[in-house]
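**Student:** build me a model:
(one chain, ligands or ions: 1)
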Amino acid sequence: MKTLLNLSLKFMNDKNMTKPEARLKLRHYSPFVMRHSMALMLALLAVVTTVHAKLNVVCTTPDIASLAQAVGGDKIEITTLARPTEDPHFVDAKPSFIVKLNRADALIEGGAELEIGWLPPLLTGARNSKLASGAPGYILANEGIQMLEVPKSLDRSEGDIHAAGNPHFLVDPENAKIITHHLAEAFCKLDTANCATYQANLKKFLEELDAKMVEWQKQLAPFNGEAIVAYHNSWVYFAKRFGLKIDLFLEPKPGIPPSPAHLASVITKMKAEKAHVIIVDPYLNRRTAETVARNTDATVVDVAQMPGGVKGTEGGYIALMDYLVNSLAKALAEKK
Ligand SMILES: [Zn+2]
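**Tutor:** Down below sits the predicted model:
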């Protein structure tokens, strides 16, 4: 590839030469050599493209995509369907997604019904056998994850609950470790030639994550057992990992909008539990949180589960976790 690049650079440089210079240079090559070296270049280019074609991976959400990027590095090409500021339960499914899925070598989805409302018809429309259930290109992020809140029965009156358990498992860095291990294994299966790179990328990511984990635990340790109010029940894994209590929600039930009566009961409970931090994802109604905050002297903290969902988290999974831990530690430290 490097040689090809050098060749084309040389060609470009030649074009910048003055006309007499170029004529002088061209005279050194017979038309036969010129024609054939051009054909050789094209043939080489074809070989290079076939051998080194990047693995074309579609990810449903940006959190999964950032982990796939960490493992895949420059050997994979990622398309992410949901935007970081979009509610992952209700993604605006565009027809272009079907084309992307049709051309993909692999799809990584949550695997716990987070995308159940929008992904299945797209997959059917894509007609891509590489992404069929059981195919190596169909990757479920929750494989090997200890799911929380698995319902004993599927009672829809309980709101938007999922048979596989709470699908917001990625904000626990220990789960990110399990997923990246699984992704490295899956990428190796799909692209054996680059397996060593995937394993090396994985090792580097895990080392960085482990070091950060020590920092994050230390930062949140002083707030062990403290209550935080969330808009939607998507922080159970994060709370469990960092010893926080996030079980009071502005939504009366998952996916059901807040009602005045429910908010009144949340305000009462917040005062009793001395909860003074409310977290809100970018796609939820911040005004509702602000109203509750005014009545409880609480602080509203903008959070996201997707890298890029709030400013300063664009760098990927570790940047997102850094932001979450820093902003929560700061808000919790404000004594009310
Ligand atoms: Zn949810």
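**Student:** all the strands of this protein, residue numbers only.
**Tutor:** 55-59, 76-80, 106-109, 138-140, 227-230, 245-249, 277-280, 299-302 (DSSP state E).
**Student:** which among those strands is found nearest to Lys94?
**Tutor:** Of all those, strand 76-80 sits nearest to Lys94, with 11.7 Å by C-beta to C-beta. (Glycine included, C-beta is placed from N, CA and C.)
**Student:** tell me what that closest one is packed against?
**Tutor:** For strand 76-80, the contact count by 3 or more C-beta pairs under 8 Å, 6 or more residues apart in numbering; DSSP states H and E identifies strand 55-59, helix 62-72 as packing neighbours.
**Student:** centroid-nearest residue for the chain?
**Tutor:** To find the centre residue of the chain, average its C-alpha atoms and take the closest one (C-alpha atoms, centre = their mean): that gives Asp63, at 1.7 Å.
**Student:** spatially nearest residue to that residue (excluding sequence neighbours)?
**Tutor:** The shortest distance from Asp63 to any non-neighbouring residue, by C-beta to C-beta, 6 or more residues apart in numbering, is to Leu170 (4.6 Å).
**Student:** next, format the strands of the chain as CSV and append mean neighbour count.
**Tutor:** Rendered in CSV, the data for the strands of the chain read as follows (neighbours: other C-beta atoms under 10 Å):
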stretch, mean neighbour count
strand 55-59, 23
strand 76-80, 19
strand 106-109, 25
strand 138-140, 20
strand 227-230, 24
strand 245-249, 18
strand 277-280, 25
strand 299-302, 18
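**Student:** how about the ones you listed in JSON lines, adding mean pLDDT?
**Tutor:** Output for the strands of the chain, formatted as JSON lines (pLDDT from 0 to 100):
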{"stretch": "strand 55-59", "mean pLDDT": "98"}
{"stretch": "strand 76-80", "mean pLDDT": "98"}
{"stretch": "strand 106-109", "mean pLDDT": "98"}
{"stretch": "strand 138-140", "mean pLDDT": "98"}
{"stretch": "strand 227-230", "mean pLDDT": "98"}
{"stretch": "strand 245-249", "mean pLDDT": "97"}
{"stretch": "strand 277-280", "mean pLDDT": "98"}
{"stretch": "strand 299-302", "mean pLDDT": "98"}
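**Student:** so can I have CSV of those strands showing distance to Ala221?
**Tutor:** Converted to CSV, these look like this (distance: least, C-beta to C-beta, whole Å):
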stretch, distance to Ala221
strand 55-59, 33
strand 76-80, 34
strand 106-109, 33
strand 138-140, 33
strand 227-230, 15
strand 245-249, 14
strand 277-280, 16
strand 299-302, 19
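**Student:** which among these is found nearest to Gly255?
**Tutor:** Across the strands of the chain, Gly255 has its closest neighbour in strand 245-249 (10.9 Å, C-beta to C-beta).
**Student:** show me how far the closest one is from its chain's centre.
**Tutor:** On the basis of C-alpha atoms, centre = their mean, to the nearest Å, strand 245-249 sits 24 Å off its chain's mean C-alpha point.
**Student:** quick check: neighbours of it in the sheet, parallel or antiparallel?
**Tutor:** Strand 245-249 has these partner strands in its sheet, going by DSSP bridges: strand 227-230 (parallel).
**Student:** returning to what we had before: quick one: the residue nearest to Asp63 and Asn295, what's the gap?
**Tutor:** The spacing between Leu170 and Asn295, counted by C-beta to C-beta, to the nearest Å, is 32 Å.
**Student:** next: Glu273.
**Tutor:** Here the distance between Glu273 and Asn295 works out to 14 Å (C-beta to C-beta).
**Student:** low-confidence stretches in the stretch 1-150 of the chain?
**Tutor:** Of all residues in the stretch 1-150 of the chain, those with pLDDT under 70 make up the ranges 1-52.
**Student:** returning to what we had before: who has more neighbours out of Leu170 and Asn295?
**Tutor:** Leu170 (26 against 15; other C-beta atoms under 10 Å).
**Student:** touching, that one and Gln305? I think so.
**Tutor:** Yes. Taking C-beta atoms under 8 Å as the definition, Leu170 is a contact partner of Gln305 at 6.7 Å.
**Student:** give me the common contacts of these two.
**Tutor:** When contacts are counted by C-beta atoms under 8 Å, 6 or more residues apart in numbering, Leu170 and Gln305 have Asp63 as shared neighbours.
**Student:** got the contact list for Val91?
**Tutor:** With contacts defined as C-beta under 8 Å, 6+ apart, the neighbours of Val91 are 60, 81-82, 115, 117-118.
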